[in-house]
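> predicted structure and sequence below. I'll ask about it afterward.
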Amino acid sequence: MKVATVSPRSLGVVSRIAYFGPQGTFTEQAARVLAGGEELIPVETVRLAMTAVREGEADAACVPIENSVEGVVPTTLDALSESTPLVAVAETILPIHFSVLTRRGGGDIKTVASHPHALAQVREWVEANLPDAHPVASSSTSAAAVGVLDGHFDAAVCAPVAVEHYDLEVLATEVADVSDAATRFLLVRPPGELPEPTGADRTSVVAAAVNRTGTLAELLTALADRGINLTRLDARPTRSNFGEYRFFIDFEGHVAEPRILDALTALRRHCRNLRFLGSHPRADGTRTTIQPGAGNDDFVDAAVWADAVRKGDLA
C-alpha cells in the first residue's frame, strides 16, 4: 500500500507531539511519520493526548480516527466534539500488520492480549496458530506487551515498532486477517492557520442537529446541492438526551474554497451547533470530484451576479 502524508511544519512551531501510547503503538509510528524528529510524548489515552494540547502541554496530538476493518474510533470522535475545539491539520494512513511477541524462552501460550481492535483484526490467525490461547483485551497494544513482560499474559499482538521498546521475542510478523487493512491517523492542534488547499483535501465537521424528522436529510442535501462528495458519516450519542446524536461528517474540499464555505454556512443554519474540525490534504491523494456547475468559479460568478442584483446593476 502506498502511504502518503503531509507535513504540518509549514503551519508554525510544532515541537511537542502527544500521542496515544505507551511507546510501541501504531500511533507512535504515525506520529513519527507526521512529526519527523520532533519530541514525542506518549500518554495513556486518546482523550489525554488531546487534553495535553488543550492545556498547553503539547503543541499537537496524533490520534487514530478510523480503521478499514473495525471502522471509526469512538473515543477520538467523542474527544473531538468535547471541550475546547481542536482542528486536524494533517493525516497519514498506515498499513496495519501486527507482530506477535512473547517472553524470551517462554512456554505454552495460554493467553494472548491486545487492544480490542487489534484482537478483532487477528482473530482468524490466533484461532489457526494459537488454538489454545484465550484472547484478553488490554488498553493498548503496547500495554499488552508490558503485560507479557510482567508475566500477566503469554503473548501480545503489537505494532512492529513495539519490539524496539520491549525486550520480547518475536513469534510472528506481518500478522493480519485482512492483508490490506489500514488505519488513518490525524494530527490535531488548536485552531489557527490551516494548510493551503491542494485540490485533494478533506474537510470535517461535527453537527448537533435538531431532533426532528428530516434533519439528517437536510444536512446531506446541503452538501449534495453543492456537488460536494461525502467521504464519511458517523453518529455518536450526545450523552444528554436519549435518542439525540451528533453527526460526524467528512467531505471533499477545503474551507478556503467558496463552494465549501457556502456549504458550511448552510450546514450551520440547520444545526443547533456546528463544530469545524479542520481542512487538510488527504493522505491518499484522491483529487476532489467537481460536478458540472459546482466548481468554485461557478459559486464566485453566482455571488457576483447576486451582488449586482442587490445593487440594481443589471446592465
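Thanks, I have it.

> tell me the spacing between residue 160 and residue 146.
For residue 160, the distance to residue 146 equals 17 Å [CB to CB, to the nearest Å]. All C-beta atoms are positioned from the backbone trio N, CA, C, and that covers glycine.

> more crowded one of the two?
residue 146 (22 against 17; other CB atoms under 10 Å).

> need the pLDDT of that one.
Note on residue 146: pLDDT of 93.

> so for stretch 228-236, what gets flagged as buried?
Neighbour-count burial for stretch 228-236, counted by 16 or more other CB atoms under 10 Å, picks out 228, 234, 236.

> which of these lies closest to residue 262?
Proximity of these to residue 262 (CB to CB) peaks at residue 228, which lies at 9.5 Å.

> can you pull the contacts of that closest one?
Under the criterion of CB atoms under 8 Å, 6 or more residues apart in numbering, the neighbours of residue 228 are 251-253, 259-260, 263, 294.

> related to what we said a few turns ago, what's the closest of the buried residues of stretch 228-236 to residue 80?
Residue 80 lies nearest to residue 236 out of the buried residues of stretch 228-236, by CB to CB, at 9.9 Å.

> for stretch 168-185, measure first residue to last.
Taking CA to CA, to the nearest Å as the measure, stretch 168-185 stretches 27 Å from start to finish.

> how about that stretch: buried residues?
Across stretch 168-185, burial judged by 16+ other CB under 10 Å covers 168, 171-172, 175-177, 181-185.

> show me how far it is from its chain's centre.
Offset of stretch 168-185 from its chain centre (CA atoms, centre = their mean, to the nearest Å): 19 Å.

> quick one: mean pLDDT over it.
Averaged across stretch 168-185, the pLDDT comes to 93.

> please renumber the chain so that the first residue is 782 from this point on.
Understood, numbering begins at 782; the last thing we discussed is stretch 949-966.

> pull the number of nearby residues for residue 1071.
By the measure other CB under 10 Å, the count of residues near residue 1071 is 18.

> same question, the one 4 residues further on
By the other CB under 10 Å criterion, the neighbourhood of residue 1075 contains 15 residues.

> partners of the longest strand that the chain contains, with directions?
Secondary structure of the chain per DSSP state E: the longest strand is strand 1052-1062. With DSSP bridges as the test, strand 1052-1062 is paired with strand 982-990 (antiparallel).

> just the residues contacting the strand it pairs with, thanks.
With contact meaning CB under 8 Å, 6+ apart, strand 982-990 is reached by 858, 861-862, 869, 872, 976, 996-997, 999-1000, 1012, 1019, 1027-1036, 1041, 1045, 1048, 1051-1063, 1069.

> write a ChimeraX command that selects only the buried members of the residues you listed.
Command for ChimeraX, covering only those of the contacts of strand 982-990 found buried under the criterion 16+ other CB under 10 Å:
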select :858,861,862,869,872,976,996,997,999,1000,1019,1027,1028,1029,1030,1031,1032,1033,1034,1035,1036,1041,1045,1048,1051,1052,1055,1056,1057,1058,1059,1060,1061,1062,1063,1069
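
> how is the residue nearest the centre of the chain assigned, secondary-structure-wise?
The residue lying closest to the centre of the chain (CA atoms, centre = their mean) is residue 846, at 2.3 Å. For residue 846, the secondary-structure state derived from DSSP: H, G, I helix; E, B strand; the rest coil is strand.

> who are the packing partners of the helix of greatest length in the chain?
Scanning the chain for the helix with the most residues, using DSSP state H, yields helix 1077-1092. Under the contact definition 3 or more CB pairs under 8 Å, 6 or more residues apart in numbering; DSSP states H and E, helix 1077-1092 sits against helix 1039-1050.

> report the angle between the axes of the helix it packs on and strand 982-990?
Orientation check (axes from the mean of the first three to the mean of the last three CA atoms, to 10 degrees): helix 1039-1050 against strand 982-990 gives 10 degrees.

> alright, calling it a day.
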